[in-house]
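Undergrad: Give me coordinates for this.
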Amino acid sequence: MNKEKIRAYIWIAIVSIILGVIISFQIRVVQNNLLNGLSPSVRSRELVIELESVNEKKKNLEEDIKNLEDELEKIKTSTAKENTLIDSLYRQSEKCKKFAGATKVHGPGVTISIENSKEEYASNSLNIIYEYNLILNLINELNAAGAEAISINDQRIVNSSEIRTAGNTLMVNKIPLTAPIEIKAIGNMKTLSASVNQRFGIVSIIREKGYFIETFQSSDIIIEKFDGVIEFEYIEDMDN
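TA: Below you'll find the model as predicted:
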């Protein structure tokens, strides 16, 4: 074998060794950086296990999301029902407050003005304040005709209101009033007016007594709220 061939074989061997070293180095780099120092088969099994773990976590998260969505829907439904209940209770409360005279109200109705006689020959003792029973009868007639709110000289009439003579004044809700007397009533204005102005009715009786009385219908009457305090000293709730 000549020297030329021997030199060629030597160079081929050297190149092969160098290539082998390079390939070995690359394999180690891949194992260290990509396969965490493991062989491809071992790393593959680890990746399969990690994938299964991720899928399990995903499934659990999806279940958690579904549970949270169900809970949110329950809260929305509960809130809607609660809001409906609160709205209903509020309406009932406002209705009770109106019934108790605790709110300022307005609506159609009648205004009735009563004055002592202005005639010169009228007796000085002729004073509507002394005949509070006529005013009581007038209030009763308005209530019977469906009045929903009544006031006397802007004093709201409620269940606890007193109407009585005290000296030269008319006491209403412990407030002294004097003539002229102005009574306001909210309700069907035609019905209220017809009720008090019927033949031989309370307006006729008051007029015959010598007092000046007029009735006016109005599409919008304002009645102030009851300013007093209602306290219960003796009544108690019944136990169920």
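Undergrad: quick one: Tyr90 from Phe226, how far?
TA: Between Tyr90 and Phe226 the computed distance is 20 Å (C-beta to C-beta, to the nearest Å). The C-beta positions use only the backbone N, C-alpha and C, and glycine is treated the same way.
Undergrad: Leu85 now?
TA: 28 Å.
Undergrad: ok, these two, which is more surrounded?
TA: Neighbours per residue, other C-beta atoms under 10 Å: of Leu85 and Phe226, the larger number sits with Phe226, 23 against 10.
Undergrad: so who does the more buried one touch?
TA: Each residue near Phe226 by C-beta atoms under 8 Å, 6 or more residues apart in numbering is listed here: Ala100, Gly101, Ala102, Arg156, Val158, Ser161, Asn173.
Undergrad: That one should be in a helix, yeah?
TA: No. Counting by DSSP: H, G, I helix; E, B strand; the rest coil, one finds Phe226 to be coil, located in no helix.
Undergrad: Let's see the pLDDT reported for it.
TA: On the pLDDT scale, Phe226 is placed at 89.
Undergrad: same check, this time on Tyr234
TA: On the pLDDT scale, Tyr234 gets 81.
Undergrad: Which of the contacts of Phe226 sits closest to Ile221?
TA: Proximity of these to Ile221 (C-beta to C-beta) peaks at Arg156, which lies at 12.7 Å.
Undergrad: Find the helix or strand that the residue positioned nearest the centre of the chain is a member of.
TA: For the chain, Asp87 is the residue whose C-alpha lies nearest the centre (C-alpha atoms, centre = their mean; 4.9 Å). Taking DSSP states H and E as the criterion, the element that holds Asp87 is helix 40-99.
Undergrad: where's Glu71 relative to Ser78, distance?
TA: When C-beta to C-beta is applied, the distance between Glu71 and Ser78 equals 10 Å.
Undergrad: should've said His106
TA: In this view, His106 and Ser78 are 38 Å apart by C-beta to C-beta.
Undergrad: same check, this time on Phe226
TA: Look at Phe226 and Ser78: by C-beta to C-beta, they are 38 Å apart.
Undergrad: same question, Tyr130
TA: With distances taken as C-beta to C-beta, Tyr130 is found 62 Å from Ser78.
Undergrad: Ok, Cys96 next?
TA: 26 Å.
Undergrad: in this protein, which spans are strands?
TA: Remark: strands assigned in the chain by DSSP state E are 105-115, 149-152, 155-156, 163-166, 169-172, 175-177, 181-186, 212-223.
Undergrad: Quick check: chain neighbours aside, which residue is closest to Pro180?
TA: Excluding the flanking residues, the one nearest Pro180 by C-beta to C-beta, 6 or more residues apart in numbering is Glu115, at 4.2 Å.
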